[in-house]
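[1] kindly generate the corresponding structure for this input.
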Amino acid sequence: MIRAFANPHRFMALSRWLAPACLGVGALLMVWSVWQGLWVVPQDDYQGGDIMRAMFVHVPSAWLAMASYMGLAATSLIWFVWRHELADMAAKSIAPLGAAYTAMCLATGSIWGKPTWGTWWLWDDARMMSVLVMFFLFLGYMALRAAMETRQKAARAGAILAMVGAVNVPLIKFSVDIWSSIHQDASVLRLDGPAMPPVYLTPLLIGGLAHMIFFAGLTMMLMRAEVWGRRGDVLIARKLSGS
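    Coordinates of the predicted model:
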């Protein structure tokens, strides 16, 4: 099964239409979710009034930040075990997108936190710090790959860092339960079901789905660029060798 989906030719044929489709569908759903969150759903005075509308950007970006790191770790593991180059291309493509979503999570969290908690940042908050660590793991992954002499060394070093850093993701999820935090407990992903009213939950979940689909489209586009880049490197190497 893994070998069937690891074929670059099949990937290029599939992603030729799937990538733009994901970008289009994701963008449309994202616009609908943000429109609902900013202008349609009622104000929630208990959650801080209009500032709670930041939730419709902050929460999906937090979900995607964690999901993207798990994707980075998973594709790194696949490359590390089976040496499928397409998995390494996926990991390399996920990293900058994951860093961008993590930065957006941190920024929107600070914007939401200032009027709600009275501060932009707390250095002793477990969730804030674990998300910041994840942001630096993304940056470290990209910097480490760029510092390596060969593509194989870059893939190996990056894969090891990505897999080791995956332990931070459960810490982000359960940090509010393990340590003291100003963050509220989970209100969507709960064993006893969501605690959020449907009027807020529906556009939030659709927003999360929208960002996921859009993220998939961006990842495939970056992977396609990587495939073309490697093919170009092969052609240049053949031309220089005279073959």
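[2] mind listing what's buried along the helix or strand that contains Leu18?
    In this assignment (DSSP states H and E), Leu18 forms part of helix 8-35. Within helix 8-35, the residues that count as buried by 16 or more other CB atoms under 10 Å are 8, 11-12, 15, 19, 22-23, 25-26, 29-30, 33-34. Just so you know, the C-beta spots here come from the backbone N, C-alpha and C atoms, and that holds for glycine as well.
[3] in the chain, where is pLDDT below threshold?
    For the chain, the stretches flagged by pLDDT under 70 are 1-6, 44-49, 176-195, 242-243.
[4] middle-most residue in this structure, spatially?
    Residue closest to the average C-alpha location in the chain (CA atoms, centre = their mean): Ser68, at 3.1 Å.
[5] how about Leu144, nearest residue that isn't a chain neighbour?
    In space, and not counting its chain neighbours, Leu144 is closest to Ala157: 5.2 Å by CB to CB, 6 or more residues apart in numbering.
[6] separation between the one you found and Gly140?
    10 Å (CB to CB, to the nearest Å).
[7] so who does Arg224 touch?
    Met12, Ser15, Arg16, Ala19 (CB atoms under 8 Å, 6 or more residues apart in numbering).
[8] show me the contacts for the second one.
    Spelled out, that is Ser15. So Ser15 contacts Met220, Met221, Met223, Arg224 (CB under 8 Å, 6+ apart).
[9] give me the neighbour count for the second one.
    Met221: 16 surrounding residues under other CB atoms under 10 Å.
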